[in-house]
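J.: Could you look at this predicted model? Sequence included:
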Amino acid sequence: MEKYEVGRMIGQGNFAKVYHARNLKTGQNVAIKVCNKEMIMRVGMKEQMKREISVMHLVRHPNIVEFYDVMASKTKIYFAMEYVKGGELFNKVSRGKLREDMARKYFQQLIEAVNHCHKRGVYHRDLKLENLLLDENGDLKVSDFGLSALLESKKKDGLLHTTCGTPAYVAPEVIRQKGYDGAMADIWSCGIILYVLLAGYLPFNDKNLMEMYKKIAKAEFKFPQWFRSDAKRLIYRILDPDPRTRITINNIMQNSWFQKGPMSVKDHEDYAMKPYCFNAFDIISLTSGFDLSGLFEKDMSERQHARFATKKPPSIVVSKLEEIAQLDGRFKVKKQNGIVRLEGNETGINEQLSIDTEIFEVSSSVYIVEVNKIVGDMLEYRNFWNQLLKPSLNEIVWVWQEYE
């Protein structure tokens, strides 16, 4: 903790206290979360703590609270993270419903953050207004991944089984305790958040918890009269009690109501590539000996991603991906939010094959490139990877760190 000057306490939970602090070298304001080691061990939260550290490393996004560093003493564990001084979105909504354009902006940013998590096999499982913060620019930041789960947490049936979350935001399939898809459960919670932003109150709310659960199970709720028809239709599709027919994130992002306004997906498609900077924690974790995700991730084959270092600038990486798409002939190239997506034109066995590539800047001459299969048939992806994608990328690779 010698690198930080710790100031006032800004938050407190059951197992941790959060302080405002300043990086003595850079002057940057940060938040320091201080956890008691003995208490964590006593209540059996050791594995949860490992998972939270691993998750915070995996999810780097402009709309997610950034994780900077983890430190430890004999009695304490310290997390240094982004200081978000705008407070909880809950406080803003507690004063009344938001204008539709403002609600849409926050919902767009929420969906982009959640989509980023799901692409990396991370499910938040406690999305609610209290866990959405606002920065000084009024942009949304998702926080508190303490209850999150990873793809590898799924059982043999492909589902998660731990019942968790906040009652008013929890999906009906979670309540039923028969296993659930973490992505679809998160989508339900996003629908609750959108409803609250537009209405100013929760769609399911009852002093009797069992009565509220009955309403959630049947999706029994009403819209206030000021809701527009297109917003209603979207919320109906999100708050579908059957996760098998509930709208997916990809379809939410294609929805006409969602695409309105300055933050629309159409606008993002023309954004230039913007490499992100890795911090020291990211660089250390690139080596297998320090990869915290390895503390509990058992089957890396499900992650379907690869990572390599290159000394070629981002423009060369993008050009190589465009060349690969042209050689194969099945893909169109989309560039948005610093990600290059190869999106299949033809539907395979399950869905159109889509592959995302993201570029991170380590220094002025070294870049890290992550390649992730987003959707599509695994066999189709492996054939494409082995026959064209990997051999072509080898021309620009400095060193591979690959998970196949």
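T.: Yep, it's here. Every value quoted in this text rests on a predicted model; they were computed, and no experiment measured them.

J.: now the helices for the stretch 51-200 of the chain?
T.: With DSSP state H, counting those that start in this stretch, the ranges of helices along the stretch 51-200 of the chain come out as 89-93, 100-119, 172-175, 182-199.

J.: err, the stretch 201-350 of the chain, not the other one
T.: Using DSSP H, counting those that start in this stretch, helices in the stretch 201-350 of the chain cover 209-218, 229-238, 249-254, 265-268, 280-285, 314-328.

J.: mind putting these in CSV, distance to Asp356 included?
T.: In short, each C-beta sits where N, CA and C put it, glycine included. Below are the helices of the stretch 201-350 of the chain laid out as CSV (distance: least, Cβ to Cβ, whole Å):
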stretch, distance to Asp356
helix 209-218, 33
helix 229-238, 23
helix 249-254, 12
helix 265-268, 13
helix 280-285, 18
helix 314-328, 10
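
J.: mean pLDDT for those helices: which is lowest?
T.: Looking at these, the lowest mean pLDDT belongs to helix 265-268 (a mean of 39).

J.: pretty sure Lys25 contacts Glu5?
T.: No - if you go by Cβ atoms under 8 Å, Lys25 and Glu5 don't touch, sitting 10.6 Å apart.

J.: Between those two, which is the more surrounded one?
T.: A side-by-side neighbour count of Lys25 and Glu5, using other Cβ atoms under 10 Å, places Glu5 first with 13 against 8.

J.: Grab the nearest non-local neighbour of that one.
T.: Arg22 (4.7 Å; Cβ to Cβ, 6 or more residues apart in numbering).

J.: Quick check: end-to-end length of stretch 130-145?
T.: 12 Å (Cα to Cα, to the nearest Å).

J.: ok, and for that stretch, which residues are buried?
T.: Under the neighbour-count criterion of 16 or more other Cβ atoms under 10 Å, stretch 130-145 has Asn131, Leu132, Leu133, Leu134, Asp135, Asp139, Leu140, Lys141, Val142, Ser143, Asp144, Phe145 buried.

J.: residues in contact with the last one?
T.: Listed by Cβ atoms under 8 Å, 6 or more residues apart in numbering, the contact set of Phe145 reads Glu52, Val55, Met56, Val59, Val122, His124.

J.: ok, so of the buried residues of stretch 130-145, who is nearest Arg95?
T.: Leu134 (13.3 Å; Cβ to Cβ).

J.: is it true that that closest one touches Gly86?
T.: Yes - with contacts counted by Cβ under 8 Å, Leu134 reaches Gly86, the gap being 3.3 Å.

J.: Wasn't Gly9 part of a helix?
T.: Quick fix: residue 9 reads Met, not Gly. No - Met9: not assigned to a helix; according to DSSP: H, G, I helix; E, B strand; the rest coil it is strand.

J.: Which residues are in contact with it?
T.: Per Cβ under 8 Å, 6+ apart, neighbours of Met9: Lys17, Val18, Tyr19, His20.

J.: Please tabulate those in JSON lines, including the columns pLDDT and neighbour count.
T.: Putting the contacts of Met9 into JSON lines (pLDDT from 0 to 100; neighbours: other Cβ atoms under 10 Å) gives the following:
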{"residue": "Lys17", "pLDDT": "87", "neighbour count": "15"}
{"residue": "Val18", "pLDDT": "89", "neighbour count": "17"}
{"residue": "Tyr19", "pLDDT": "91", "neighbour count": "18"}
{"residue": "His20", "pLDDT": "93", "neighbour count": "17"}
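
J.: List the buried residues of stretch 176-186.
T.: So for stretch 176-186, counting by 16+ other Cβ under 10 Å, buried means Tyr180, Asp181, Gly182, Ala183, Met184, Ala185, Asp186.

J.: For Val30, see how far away the closest residue to Leu239 other than its chain neighbours is.
T.: What sits nearest to Leu239 in space, not counting adjacent residues and going by Cβ to Cβ, 6+ apart, is Gly191, at 4.6 Å. As defined by Cβ to Cβ, to the nearest Å, Gly191 lies at a distance of 33 Å from Val30.

J.: was I right about Cys190 contacting Ile111?
T.: Yes - look at Cys190 against Ile111 with Cβ under 8 Å: they come within range, at 6.4 Å.

J.: what sits in contact with each of those two?
T.: Common neighbours of Cys190 and Ile111, using Cβ under 8 Å, 6+ apart, are Ile252.

J.: Tell me where the model's unsure across the stretch 1-150 of the chain.
T.: 1, 14, 150 (pLDDT under 70).

J.: do the stretch 251-400 of the chain as well
T.: In the stretch 251-400 of the chain (pLDDT under 70), the answer is 262-304, 337-338, 346-351.

J.: which residue ranges form the strands in it?
T.: Under the criterion DSSP state E, counting those that start in this stretch, the stretch 251-400 of the chain carries strands at the ranges 276-277, 305-310, 331-336, 339-347, 352-361, 367-375, 399-403.

J.: Mind putting those strands into TSV with mean neighbour count?
T.: Listed next are these as TSV, based on neighbours: other Cβ atoms under 10 Å:
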stretch	mean neighbour count
strand 276-277	12
strand 305-310	19
strand 331-336	17
strand 339-347	18
strand 352-361	21
strand 367-375	21
strand 399-403	12
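
J.: got those as CSV, with distance to Thr248 columns?
T.: Formatted as CSV, the strands of the stretch 251-400 of the chain follow (distance: least, Cβ to Cβ, whole Å):
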stretch, distance to Thr248
strand 276-277, 26
strand 305-310, 20
strand 331-336, 17
strand 339-347, 15
strand 352-361, 13
strand 367-375, 9
strand 399-403, 24
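
J.: ok, Asp126 to Thr357 distance?
T.: Asp126 is 30 Å from Thr357, by Cβ to Cβ.
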